[in-house]
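Let's see this in three dimensions:
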Amino acid sequence: MGAGESSDDFAAMDNSQWYQKFMNQCPSGQLSLYEFKTILGLRDMSPQANMYVERVFHIFDLNQDGFIDFLEFIAAINLVIRGKIDQKLKWYFKLYDADGNGCIDKKELLNIFTAIQAINGYTSTTPEEFTDMVFQKVDVNNDGQLTLEEFITGVEKDEGLMELITKTFDLSNVLKVIQSGRRHSI
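From the prediction side, this is the model:
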């Protein structure tokens, strides 16, 4: 897949094409965390970046068996490509809520943004600036924690914040690697 192709190009692939790509990358049909990192060429990462990649993997591993099978993989692709914005925001929220308590605190958001920045190189905003901006715009009751409702409502109301979150947490690069059939080695 070329650099100029879009998520529409991913959407044009049917499930049988995705299955062929998945099985080419992972002949066992069970993608482990190690294979996930290998396929994406993720190595020598900071502890925060490693934590982020592991969170993404575990969120995609819907049955929590330690592997991403094809059904879990296709569910993730459908979310990334065809998911409605509220579905994506729920997924982002789950990703940010590292301790799983149903709220995002500043430390969680700061850690996740720092990790993502280490992976994707997005540097127009520092992690501290991003975290402060999100909490200023979204934490309506100023309790230092974001609930799912606050997060979705706040992000949907602010186009700039929506664009920033969508851009920084875009996973289409993951799909490009898988779709192109490139396999990196660690």
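
in stretch 127-134, what's buried?
Counting neighbours by 16 or more other CB atoms under 10 Å, one finds that the buried residues in stretch 127-134 are Pro127, Phe130, Thr131, Val134. Just so you know, the C-beta spots here come from the backbone N, C-alpha and C atoms, and that holds for glycine as well.

Next: stretch 78-97.
79-81, 83, 88-93, 95-97.

now swap in stretch 143-150 and tell me
Gln145, Leu146, Thr147, Glu150.

For the nearest residue to Gln25 once chain neighbours are set aside, give me phi and psi.
Computed as CB to CB, 6 or more residues apart in numbering, the closest residue to Gln25 that is not its neighbour in sequence is Ile39, at 5.4 Å. When quoted as degrees, to the nearest 10, the phi and psi of Ile39 stand at phi -60, psi -40.

ok, how many other residues are close to Ile39?
19 (other CB atoms under 10 Å).

mind checking how far it is from Trp91?
20 Å (CB to CB, to the nearest Å).

Over to Asp14?
23 Å.

got it, and Phe70?
In terms of CB to CB, Phe70 sits 19 Å off from Trp91.

Could you tell me which residues make contact with the residue lying farthest from the centre of the chain?
Most distant residue from the mean C-alpha position of the chain: Asn141, 27.2 Å away (CA atoms, centre = their mean). Listed by CB atoms under 8 Å, 6 or more residues apart in numbering, the contact partners of Asn141 are Glu150.

What of Phe57?
Applying CB under 8 Å, 6+ apart, the residues contacting Phe57 are Leu33, Phe36, Ile68.

Which of the residues you listed fall in helices?
Leu33, Phe36 (DSSP state H).

What ranges does this structure have for its strands?
Assigned by DSSP state E, the chain shows strands spanning 103-105, 145-147.

export these to JSON lines and tack on mean pLDDT and distance to Phe57?
JSON lines is the format used below for these (pLDDT from 0 to 100; distance: least, CB to CB, whole Å):
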{"stretch": "strand 103-105", "mean pLDDT": "97", "distance to Phe57": "20"}
{"stretch": "strand 145-147", "mean pLDDT": "97", "distance to Phe57": "23"}
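
follow-up on the earlier one: out of the buried residues of stretch 78-97, flag the one nearest to Cys103.
Among the buried residues of stretch 78-97, Asp97 lies closest to Cys103 (CB to CB), at 6.8 Å.

Serialize the buried residues of stretch 127-134 to JSON lines and add fields for distance to Leu164 and pLDDT.
Listed next are the buried residues of stretch 127-134 as JSON lines, based on distance: CB to CB, whole Å; pLDDT from 0 to 100:
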{"residue": "Pro127", "distance to Leu164": "13", "pLDDT": "90"}
{"residue": "Phe130", "distance to Leu164": "7", "pLDDT": "90"}
{"residue": "Thr131", "distance to Leu164": "12", "pLDDT": "93"}
{"residue": "Val134", "distance to Leu164": "9", "pLDDT": "93"}
